[in-house]
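In: here you go, sequence then predicted model.
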Amino acid sequence: MLIAKNLTKKYGNHVALNRLNLTIKEGEIFALLGQNGAGKTTTINLFLGFIQPSEGTVSINNIDVVENTHETKQHLAYIPETVMLYPNLTGIENLEFFSALAGFSYSQEELGSFLSKAGLQKKAHQQNLGGYSKGMRQKVGIAIAIAKNAKALLLDEPTSGLDPKASNEFSEILKELSANGTAILMATHDIFRAKEVAHRIGIMKEGNLVSVIEAKDISANELEQLYLQTV
C-alpha cells in the first residue's frame, strides 16, 4: 500500500533522507522512531506529495505520488501533530466539510456514526471545535479518514501532548483501523506506544533507516535500549 524505493531528499549538501526502502502492507502499522531531524517528517511529507524527492520513487496503492499527487490523496488521510480544523464549526460540521472536499456526501446520521466509530462522545458532535481537547480533535481527524475510506493513514507525532487515557484510546482506534485493512505509517517519539501499537518499528538516524524490528520480537525496555544505542 505504501512503497518507497531508494527515496532520497536533499537540501543543497544536506541529505534529509538517504535512499529509503520501505514497504507497508494493507492492515500493517509501521512506526518510525528517531530524534528531531532524523528524517521521519520528511518521509511523511514525501508520501503526502508536500515535497518532491531528489531521487527514488514513492507510491500509494501502486500509484506514483509525484506523477499523480491528486489521485494518491484520494487514498490517504493525514493527521499531523496539531490537527487543522475549523474552531467555529462543530465536530459534525467539520467532518461534513472535509468529507465534501474529498467528494463524499453523507447524511447527518452517517456523519455521526463516523464520529462515534472514531471514539468521539455523541454529546461532543454538536459542540464547536474551539472547546475540544487535542484528543477530541484527533478523533475528528480519524473520523475524516473513516469517511474518506482511506486505504492509508499517515500520522506525525499523533500522541504528542495527549494524556495517558487519550493516548490509549487513540491507540485502540488505530488497531481497529488496521484490522479493517488500513495501512498506517506513524512517526513518533513515543517508544512505548510504538511497541504497543505497531507491527514493525523502524529507527531512523540522520536520514537513514538503520533498524527495522518486528514489534512482537522485542520488549519495550529492549526497544528503548536499542533506540538509545542507535541515536
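Out: Here it is on my side, so go on. Just so it is clear, the structure is predicted and the values come from calculations on it, not from any experiment.
In: okay, how far is it across stretch 54-68, tip to tip?
Out: From its first residue to its last, stretch 54-68 covers 17 Å (C-alpha to C-alpha, to the nearest Å).
In: need the contact partners of stretch 200-219.
Out: Residues from elsewhere that reach stretch 200-219, judged by C-beta atoms under 8 Å, 6 or more residues apart in numbering: 9, 15-22, 28-35, 37-40, 42-43, 194-195, 198-199, 223, 226-227, 230-231. For glycine as for every other residue, the C-beta is placed from the backbone atoms N, C-alpha and C.
In: please read the previous query as pertaining to stretch 58-66.
Out: With contact meaning C-beta under 8 Å, 6+ apart, stretch 58-66 is reached by 1-5, 7, 46-49, 52-53, 57, 71-72, 75-76, 151-152.
In: and those residues, which of them are buried?
Out: 1-4, 7, 46-49, 53, 72, 75-76, 151-152 (16 or more other C-beta atoms under 10 Å).
In: looking at those, which are in strands?
Out: If you go by DSSP state E, those have 2, 3, 4, 7, 76, 152 in strands.
In: pLDDT-wise, what's the bottom of those?
Out: Scanning these for pLDDT, the low point is residue 76. It has 91.
In: list the contacts for it?
Out: Residue 76 neighbours (C-beta under 8 Å, 6+ apart): 47, 48, 60, 150, 151, 152, 153, 154.
In: residue 204 - how many residues pack around it?
Out: Under the neighbour criterion other C-beta atoms under 10 Å, residue 204 is assigned a count of 25.
In: can you give me the neighbour number for the residue nearest to residue 180 when sequence neighbours are not counted?
Out: Nearest non-adjacent residue to residue 180, counting by C-beta to C-beta, 6 or more residues apart in numbering: residue 27, 7.6 Å away. With neighbours defined by other C-beta under 10 Å, the count for residue 27 comes to 15.
In: who are the packing partners of the host helix or strand of residue 30?
Out: Taking DSSP states H and E as the definition, residue 30 sits inside strand 29-33. Helices and strands touching strand 29-33, by 3 or more C-beta pairs under 8 Å, 6 or more residues apart in numbering; DSSP states H and E, are helix 40-48, helix 164-179, strand 183-188, helix 191-197, strand 200-205.
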